[in-house]
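>>> sequence below, structure please.
(2 chains)
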Amino acid sequence: MKGLAFVGAGMAVGFAAALMLFPAAHGANDSAYRQLDLFSDAFERVRADYVHPVDDSQLVTSAIQGMVSGLDPHSSYMDAKAFADMQVQTRGQFGGLGIEVTMEDGLVKVISPIDDTPASKAGIKTGDFIAAIDGTPIQGMQLNDAIQRMRGAEGTKVTLTILREGTKKPFDVALTRAVIHVDSVKFHREGDIGYVRLAAFNEQTTSGLEHAVRELKKQIGPGLRGYVIDLRNNPGGLLDQAVSVAGDFMSAGEVVSTRGRHPDDTRRYQATRSDITDGKPVVVLINGGTASASEIVAGALQDHKRATVEGMESFGKGSVQTIIPLDNGANGALRLTTARYYTPSGHSIQATGIVPDVAVAQGDEDQTSKLDQVAEADLPGHLNAEGAAKKQSGPIIRPAPGKKYDDFQLAYALDLLHGKMTVSSVSTKSADAN
Amino acid sequence: MKPWALTALGGLAGLAGGLAVLPLAQGADDANVQSAYAALDRFGDAFALVRTDYVDSPDDRQLVENALNGMISDLDPHSSYFDPKTYSDMQVKTEGTYGGVGLVIAADTGGIKVVSPIDDTPAAKAGVKSGDAILAIDGKGLQGLSLDKVQDMLRGPAGTKVTLTLLRSGEQKSFEVALERAAIEVEAVKSHREGDVGYIRIPAFNERTSEGLEAAVRNLKKQIGPGLKGYIVDLRDDGGGVLDQAIAVSDDFLNGGEIVSTRGRRPDDTQRYDAKPGDITDGKPIIVLINGGTASASEIVAGALQDHKRATVLGTTSFGKGSVQTIIPLNGGEDGALHLTTARYYTPSGGSIQATGIVPDIAVAQGIQSADTPKILQPSESDLPHHLQAEQQAAAAKINIIRPPAGSKVADFQLSYALDVMNGKIATSRYIKKASTD
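All right, here's what the predicted structure looks like:
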């Protein structure tokens, strides 16, 4: 017993040295040492007394995962292998299923299947819960682990066990992994209106948008009346792409700022491009699946009155995660929430989301229970909103009962641009963005 | 001081001095200490980074509690960390009554599930059912919370209110149930006569269980008299409890022999528990009822009576929770405690209960519908993530499961089958009419 106490103490001295290696940790005080002492004490007890010998490294991996994922739903820890895999994946193409997922009630929940991927072809739906991957239950797994298990070489097979609301029994779906071209931009003309769909924000999004706008101008010609930028179910992606996409519609001004814990952490991102749409009216479509980078774009264009934001309130994921490698990645990396996003007018996106100028429902929302429509504010342990009170959206416009629309929100956006609807907040002209 | 300590660990100045106090006589070898050090160092780095870089200023204490939760709960489904508050509450609970809703819960693939509502508690009265998934408590989602945290949320002073969001198998939508917490009497043994047969219900193993059993047997003998044919001991949905009581209860029916052994990591951790002479039921036939909710202490009783051929075990395979948790207070309890798996239970014949459970002598299902219930709504130990593996795998004999005939309206088919066996209406070679004499 005495020996254990000594081991604990010895480890704590080791910790003290580790903490001193971080100059920024000068706030490290008695409390920190005491807590580390407690941790090493517990670690030693587990090593000595658990029913069978345990792997030290696994113990600490679990501990760091517990510590970091307890902070908020977006912070997590990747061990060395997961971190290495992540680096490969962000560099380019990866074999996967094509679903955006989140963690809820201990299960993986599908936020949205990506168009033209194995998942969407196999009929995986928004709101489906994934209970098991290749027969391994998800419960107790970190989200990253689950994602890791779904990914793999192109052509390999994976079976998902799906729980779907309204379906009594879980069912299996067999999928073949494919290279997921996250083809983030699609476009077509809707009469004299250019429709551009941004499905995600990756390295090619800005160039894709610029290509789309050039093509639409060519196809429609001088009669081009305006643009619909569809950010619905766009879960976000790269911040610099959000900044350059917003910049493509603005001649100047702030797009977004990130504010961390210390005042000098504040960073402001300015529009540095010119308006490639020549000041034509823009309607941005958003919904509950519009998150993160998409909310930055919607928020910036809304605050600068450069676009009319139409649809339903966005998800509200306004926190910034930074990947912080431990020991240069040899010990994995933290994916840590380090800042919050603020729109140019100073609204925190976190937990409140972007409130549309014109609230238009798609019409199918009521059939899904609240459980199926997660927003950031519903996630356990979410960061609170900071700053200004939430804006109120106006009355929600819904499709007339009995009328069938493929896409009521889009139809409404087209009507807005055609002037069939008059809404005071519609910006028919590019406002001065300064 | 041995030189290796310096060479192996002297990479960072100042560390060797700290580690030099390691008592080397501990048997800690070079690689072992290095590995522990490297692991702790990694944790220290992560801790320091979170403290300095997280978006809000985190609470050091909370960080370490979450780390301990993560580390311990990843070991197996029954190991957990109790923070100081949970630990002190738990001490209150084992002392007698606590304010709660009366649910036995487990974590499984589908989230937190109700194993069983305890008879006569707010949860049972409000119609909460075995297999219900608990999605939220007072509107708060349960993702990332340990089982103990959830338990903690359910508890509170009697008279306070708590709302559960439940999802039931076969229902499309979740629904809410508002419960008023009550003092949960640590459940008492109940009994009544079924004709000439004494029926004894043991809902849990607490400090008063063997006492309650002995009183029940005395009363049944008095009520039924010399015509008493035997006893049915109902351990269904009995989630277990205190080991001492499982031993005392088994001992009440046995004249001698081993009841259970626990085996830890080292050979000298093995402990054997033996029965003393004296069978309070005078060797009368016993049928023990078990089902998937029969766990831990109740599996010890069923296993001991089965191995000694003292009872016929009837029902469905038990849960398979054959691991022993020890409470290890940290800093005298001031820093909470570890609830750590330290050993496994073995039945007298050497079978590990862990993950395999107790297989009934006569397999009788309660209903025809149970086969249709999705597996994830009927968790057993081997379904739990990171469950301890069974050590030896007995070839599970494919047994024929007896089910109620279609259209049967018997309220409790397992009990009625047991009575039929005991009353000789159903003849089966598996029924043990006489106690063996060991």
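
>>> quick check, residue A:341 in a strand?
Yes - Residue A:341 forms part of a strand when assessed by DSSP: H, G, I helix; E, B strand; the rest coil.

>>> enumerate every residue touching it.
Going by Cβ atoms under 8 Å, 6 or more residues apart in numbering or on different chains, residue A:341 touches A:256, A:257, A:258, A:295, A:296, A:299, A:318, A:319, A:320, A:348, A:349, A:350. The C-beta positions use only the backbone N, C-alpha and C, and glycine is treated the same way.

>>> confirm the third one sits in a strand?
Yes - according to three-state DSSP, residue A:258 belongs to a strand.

>>> what residues does the stretch 301-434 of chain A have near chain B?
When proximity is defined by Cβ under 8 Å from any Cβ of the partner chain, the stretch 301-434 of chain A lies next to chain B at A:319-320, A:322, A:324, A:326-327, A:331, A:334, A:336-340, A:369, A:371, A:378-381, A:383.

>>> same check, this time on the stretch 101-250 of chain A
Contact residues (Cβ under 8 Å from any Cβ) of the stretch 101-250 of chain A with chain B: A:103-107, A:131-132, A:137-141, A:163, A:165-166, A:168-170.

>>> quick one: buried ones out of those residues?
Neighbour counting by 16 or more other Cβ atoms under 10 Å in any protein chain shown classes A:103-107, A:131-132, A:137-141, A:163, A:165, A:170 among those as buried.

>>> about what we covered before: got a PyMOL select line for the buried ones in the residues of the stretch 301-434 of chain A next to chain B?
PyMOL command restricting those to the buried ones, with burial defined by 16+ other Cβ under 10 Å:
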select buried, chain A and resi 319+320+322+324+326+331+334+336+337+338+339+340+371+378+379+380+381+383
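
>>> nearest spatial neighbour of the residue in chain A that chain B sits nearest to, skipping sequence neighbours?
Residue of chain A nearest chain B, by Cβ to the nearest Cβ: residue A:66 (1.5 Å). Of all residues not flanking residue A:66 in the chain, residue B:70 sits nearest, at 1.5 Å (Cβ to Cβ, 6 or more residues apart in numbering or on different chains).

>>> what packs against whatever helix or strand the one you found lives in?
According to DSSP states H and E, residue B:70 maps onto helix B:60-73. Secondary structure elements in contact with helix B:60-73, counted by 3 or more Cβ pairs under 8 Å, 6 or more residues apart in numbering or on different chains; DSSP states H and E, are helix A:30-49, helix A:56-69, helix B:30-53, strand B:80-82, strand B:337-346.

>>> paired strands for the shortest one, with orientation please.
Read that as strand B:80-82. Sheet pairing here is set by DSSP bridges, and for strand B:80-82 it gives strand B:337-346 (antiparallel).

>>> what about the strand it pairs with, distance to the chain center?
11 Å (Cα atoms, centre = their mean, to the nearest Å).

>>> next helix or strand past it?
strand B:362-363.

>>> what is the rounded mean pLDDT of that following strand?
The average pLDDT for strand B:362-363 rounds to 94.

>>> how about residues contacting it?
By Cβ under 8 Å, 6+ apart, strand B:362-363 touches B:312-317, B:399-402, B:417, B:421, B:428, B:430-431.

>>> chain center to it, what's the gap?
Relative to the centre of its chain, strand B:362-363 is centred 22 Å away, using Cα atoms, centre = their mean.

>>> so what strands line up beside it?
For strand B:362-363, the paired strands and their directions (DSSP bridges) are strand B:312-315 (parallel).

>>> the stretch 51-200 of chain B: helices as residue ranges?
B:60-73, B:84-95, B:122-125, B:147-154 (DSSP state H, counting those that start in this stretch).

>>> with mean neighbour count added, can I get these in TSV?
Output for the helices of the stretch 51-200 of chain B, formatted as TSV (neighbours: other Cβ atoms under 10 Å in any protein chain shown):
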stretch	mean neighbour count
helix B:60-73	24
helix B:84-95	15
helix B:122-125	20
helix B:147-154	19
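
>>> can I get those in JSON lines with mean pLDDT?
Formatted as JSON lines, these follow (pLDDT from 0 to 100):
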{"stretch": "helix B:60-73", "mean pLDDT": "94"}
{"stretch": "helix B:84-95", "mean pLDDT": "72"}
{"stretch": "helix B:122-125", "mean pLDDT": "90"}
{"stretch": "helix B:147-154", "mean pLDDT": "82"}
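
>>> and the contacts of the helix holding residue B:70?
A:31-32, A:34-36, A:38-39, A:42-43, A:46, A:59-60, A:62-67, A:69-71, A:140, B:43, B:47, B:50-51, B:79-81, B:83, B:146-147, B:149, B:336, B:338-340.
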